[in-house]
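*Asks:* below is the structure, and that's it, no one-letter string:
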């Protein structure tokens, strides 16, 4: 018997400060809020819609301690993304890297999650779904 994976349910980032997370994910990255649940006592579960995949942040569990998976977000312009990150004073943890199919750089979230901002080159479009 094997497990049949149907799709990605969500990507989860535990956060320490929900207001700071809202500022970073909603305002700096410009993600749109999908679902918000308040558990009481200041604990929240917030999902941001990223092209049909939910990025969930919550302060209901233990905060991140670094490490783990990297969230990669496709951007329309890597140069515009880099300028917006600089304007927001978000530290870049890996400078822009150039590869045959893409350009990318990595930033850290306020809770220590690695977030890659990625742009495919025209000669290398996204794979068909």
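*Replies:* Nice, I can see it. Note that the structure is predicted; figures quoted are calculated from it, not measured.

*Asks:* distance of the nearest residue to residue 114 once chain neighbours are set aside relative to residue 12?
*Replies:* Residue nearest to residue 114 in three dimensions, not counting chain neighbours: residue 70, with 4.2 Å by C-beta to C-beta, 6 or more residues apart in numbering. C-beta here means a position set from N, CA and C on the backbone, and glycine is covered the same way. Between residue 70 and residue 12 the distance, using C-beta to C-beta, to the nearest Å, works out to 13 Å.

*Asks:* the more surrounded of these two?
*Replies:* residue 12 (17 against 12; other C-beta atoms under 10 Å).

*Asks:* and residue 80, how many neighbours?
*Replies:* Neighbour tally, residue 80, other C-beta under 10 Å: 12.

*Asks:* scratch that, residue 8
*Replies:* Counted with other C-beta under 10 Å, residue 8 comes out at 9.

*Asks:* what sits against the residue nearest to it when sequence neighbours are not counted?
*Replies:* Take residue 8 and drop its neighbours on the chain: the residue closest to it by C-beta to C-beta, 6+ apart is residue 53, 5.6 Å away. Applying C-beta atoms under 8 Å, 6 or more residues apart in numbering to residue 53 gives the contacts 8, 10-11.

*Asks:* among those residues, which are in strands?
*Replies:* 10-11 (DSSP state E).

*Asks:* where does confidence bottom out across the contacts of residue 53?
*Replies:* Among the contacts of residue 53, residue 8 has the lowest pLDDT, at 79.

*Asks:* where's the nearest residue to residue 58 once chain neighbours are set aside, which helix or strand?
*Replies:* Ranked by C-beta to C-beta, 6+ apart and with sequence neighbours excluded, the top spatial neighbour of residue 58 is residue 45, at 4.5 Å. Residue 45 belongs to strand 43-50 when elements are defined using DSSP states H and E.
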